[in-house]
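S.K.: Got a predicted structure here, sequence first:
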Amino acid sequence: MKKESVKLGAVYACKVSGEIQPVRLTKANSQGGWDGTNVRTHKAVRVKSSQRLRGLWPKKTLPIVAEKDDGKADDQGVAETVAAVEKGNLAEGVTVPEAKKERHSLLNLAAKALAEAATPLNCKEMVEKVLATGLWQTDGKTPSATLYSAILREITTKGDAARFRKTERGKFEIVTK
């Protein structure tokens with residue numbers, strides 16, 4: 001986001017401690033950047049760079065919340081929508097954004113491809129099947145190496161709960177439960 005387009009008083013989606021949070025910018029900081037308040041926690045936040053801002057809060061990350069007549073976003077409305085999404089209690093007519101639905105990541109699609117296959121597959125075969133579905137695309141040079149790494153990472157971190165099992169060198173099968 002450009003520094004010139006930042007407006008004080010608006011609620012922005014801002015990266016705070018590794019998560020995107022709603023932050024209302026209250027004033028410019030004398031050392032550069034802005035001071036604001038996290039709408040969820042009401043704690044003070046210092047935004048040093050416009051690179052941490054991801055755009056206006058309700059329009060970029062959650063369902064759009066009606067704005068007041070004065071042009072500022074309704075903090076209470078944002079907080080209610082955030083709480084409803086987190087609890088799963090959505091009002092009638094409000095839908096969960098696409099980001100909350102199933103993601104079309106290479107790892108998830110590879111698990112589906114393995115489930116459909118009758119025999120263990122290597123990563124190159126899984127990537128070819130995923131690309132053939134059209135649900136995932138890449139410009140990367142080695143997506144099969146990336147998939148191999150992700151599968152091994154899942155097996156290592158999740159152990160018996162992992163979706164994949166290594167059958168032989170370079171080949172995996174889906175774990176049926």
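M.R.: Right, received. Where do you want to start?
S.K.: Go through this protein and flag its longest strand.
M.R.: If you go by DSSP state E, the chain has its longest strand at strand 19-28.
S.K.: what's that one packed up against?
M.R.: strand 11-16, strand 34-38, strand 44-47, helix 75-87 (3 or more C-beta pairs under 8 Å, 6 or more residues apart in numbering; DSSP states H and E). Glycine gets a C-beta too; all of them are placed from N, C-alpha and C.
S.K.: Could you give me the buried positions within the third one?
M.R.: The one in question is strand 44-47. For strand 44-47, a neighbour-count test (16 or more other C-beta atoms under 10 Å) marks 45, 47 as buried.
S.K.: strands paired with it, and their directions?
M.R.: strand 34-38 (antiparallel) (DSSP bridges).
S.K.: try the first one
M.R.: For strand 11-16, the pairing partners within the sheet under DSSP bridges are strand 19-28 (antiparallel), strand 53-56 (antiparallel).
S.K.: chain center to that strand, what's the gap?
M.R.: Its chain's C-alpha centre and that of strand 11-16 lie 14 Å apart, by C-alpha atoms, centre = their mean, to the nearest Å.
S.K.: Give me the contacts around the helix or strand hosting residue 127.
M.R.: In this structure, residue 127 sits in helix 123-133 according to DSSP states H and E. For helix 123-133, contacts defined as C-beta atoms under 8 Å, 6 or more residues apart in numbering pick out 106, 109-110, 113-114, 116-117, 121, 136-138, 143-145, 147-148, 151, 170, 172.
S.K.: Any quick ChimeraX command for the buried ones out of those?
M.R.: Selecting only the buried entries of the contacts of helix 123-133 in ChimeraX, with 16+ other C-beta under 10 Å as the criterion:
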select :106,109,110,113,114,121,143,144,147,148,151,172
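S.K.: From the contacts of helix 123-133, which land in strands?
M.R.: Secondary structure defined by DSSP E assigns 121, 172 of these to strands.
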